[in-house]
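**Q** Here is my input; please provide its structure:
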Amino acid sequence: MQPEGRPLRGVAFVVVATFLFASADTLGKHLALLYAATLVLAVRFAVNLALVTLIMWPRHRAALWQTDRTGLVILRGLCLALASISMLLALKLMPVAETVAIIYIAPVLVMLAAGTLLDEKVGLLGWISAALGFAGVLLIARPGSGLDPFGVALGLANAVLATGYHLLTRMLSRTESTMALMFHTALVGAVAFAAVVMTLGTGPLPGVFDAALMLALGALATAGHLLFTSAYREAPASTLAPVNYMHIAFATVLGWLVFQQIPEALSFLGMAAIAAAGLLAAWRASR
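**A** Numbering: from 1, shown residues only. As a prediction, this is how the structure comes out:
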């Protein structure tokens, strides 16, 4: 008999997942300062692909890669691959906390895009959350904040790509299995970044310790995504959505501990506005 969902367990999964994501962001920034971002991501996605296959192949076999709308599945994987490179390059140029906060404008963009592309009603609460979110980004990226303008642009590009990724996920979830989506996301990223590395070269190669850190980056990201997926089997999205913003809190603490970077007061206010916008959008969706 299938056990009923356990909301507290789902919340715990998301808390751990967001900590793993923030740890991966911090580790990714460290590695991107030393090595080519494409090399770092080639290793990360290769580890992701190996772990997903190792975990899911014994139970699911060929169903692991079977899809109905393969073109859209590959497009979704490309969205995530491009989002990953934009995120890593943004982290290379900006503090971890501010970078992570900016990408959390994505849930608001998903809501607005769904209103345009999927004919979903946005409504007053939706527009209020959008205004809050964009005000938060402006507070973080305001003139005089000291943030690299190109880094801010990369963070916003990540949010746009993540919006496409989430919209495609919503479309494909009706016909594709979660395991197949995870497998093809890892496969597309691994192939894409391996091809780029073979074309452009690796740049400096890591020693044993840094190579182990690259492998750890892939393991952290994979474990975070598996926990995140498992959480939604235990609790509804409306319960888990607020917990996602622990990612910003963990990123702030880890950025301070590892890089001695702490946001200014107005940047904290901007982070709070983005989090409030996301929470309002989630509450609106739950209604």
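
**Q** And the helices in the stretch 151-287 of the chain?
**A** Along the stretch 151-287 of the chain, counting by DSSP state H, counting those that start in this stretch, helices occupy 178-200, 208-234, 237-240, 246-259, 265-286.

**Q** Please enumerate residues in contact with the first one?
**A** It refers to helix 178-200. 36, 38-39, 41-42, 44-46, 48-49, 52-53, 56, 60, 63-67, 73-74, 76-78, 80-81, 84-85, 169, 172-173, 222, 225, 229 (Cβ atoms under 8 Å, 6 or more residues apart in numbering). In this view, the C-beta of every residue, glycine as well, is placed from N, C-alpha and C.

**Q** Which one of the helices of the stretch 151-287 of the chain lies nearest to Ile102?
**A** For those, the distance to Ile102 is smallest for helix 265-286, at 7.6 Å, taking Cβ to Cβ.

**Q** buried set for the closest one?
**A** Neighbour counts over helix 265-286 (16 or more other Cβ atoms under 10 Å) mark 267-268, 270-282, 284-285 as buried.

**Q** Against which helices or strands is that helix packed?
**A** helix 96-103, helix 106-117, helix 123-140, helix 237-240, helix 246-259 (3 or more Cβ pairs under 8 Å, 6 or more residues apart in numbering; DSSP states H and E).

**Q** now that helix against helix 246-259, angle please.
**A** 150 degrees (axes from the mean of the first three to the mean of the last three Cα atoms, to 10 degrees).

**Q** what is the mean pLDDT for helix 265-286?
**A** Taken as a whole, helix 265-286 has a mean pLDDT of 80.

**Q** send the alpha carbons of it over as CSV?
**A** The C-alpha trace of helix 265-286 is given here as CSV (Å, rounded to 0.1, in the frame of the first residue of the first chain):
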residue,chain,number,x,y,z
ALA,A,265,21.2,46.7,4.0
LEU,A,266,19.4,47.8,0.7
SER,A,267,20.5,44.5,-0.9
PHE,A,268,18.9,42.6,2.1
LEU,A,269,15.8,44.6,1.5
GLY,A,270,15.8,43.7,-2.2
MET,A,271,16.2,40.0,-1.3
ALA,A,272,13.3,40.3,1.1
ALA,A,273,11.2,41.9,-1.6
ILE,A,274,12.0,39.1,-4.1
ALA,A,275,11.2,36.4,-1.5
ALA,A,276,7.9,38.2,-0.6
ALA,A,277,7.0,38.3,-4.3
GLY,A,278,7.6,34.6,-4.7
LEU,A,279,5.6,33.8,-1.6
LEU,A,280,2.8,35.9,-2.8
ALA,A,281,2.8,34.2,-6.2
ALA,A,282,2.8,30.8,-4.5
TRP,A,283,-0.1,31.8,-2.2
ARG,A,284,-2.0,33.1,-5.2
ALA,A,285,-1.4,29.8,-7.0
SER,A,286,-2.5,27.8,-4.0
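
**Q** and that helix with helix 96-103, angle?
**A** Using the same axes, to 10 degrees: helix 265-286 against helix 96-103 is 40 degrees.

**Q** circling back to that earlier point, which one, of the helices and strands packed on helix 265-286, ends up nearest to Leu89?
**A** So among the helices and strands packed on helix 265-286, helix 96-103 is nearest, using Cβ to Cβ, at 10.0 Å.

**Q** For that closest one, which outside residues touch it?
**A** By Cβ under 8 Å, 6+ apart, helix 96-103 touches 22, 25-26, 29, 87, 90-91, 136-137, 140-141, 147, 151-152, 155-156, 158-159, 162, 247-248, 251-252, 254-256, 258-259, 261-263, 267, 270-271, 274-275.

**Q** Poorly predicted segments of the chain, please.
**A** 1-5, 115-120, 122, 237-238, 284-287 (pLDDT under 70).

**Q** ok, back up a step: restricted to helices, list the contacts of helix 178-200.
**A** Judged by DSSP state H, helices contain the following of the contacts of helix 178-200: 38-39, 41-42, 44-46, 48-49, 52-53, 56, 60, 73-74, 76-78, 80-81, 84-85, 169, 172, 222, 225, 229.
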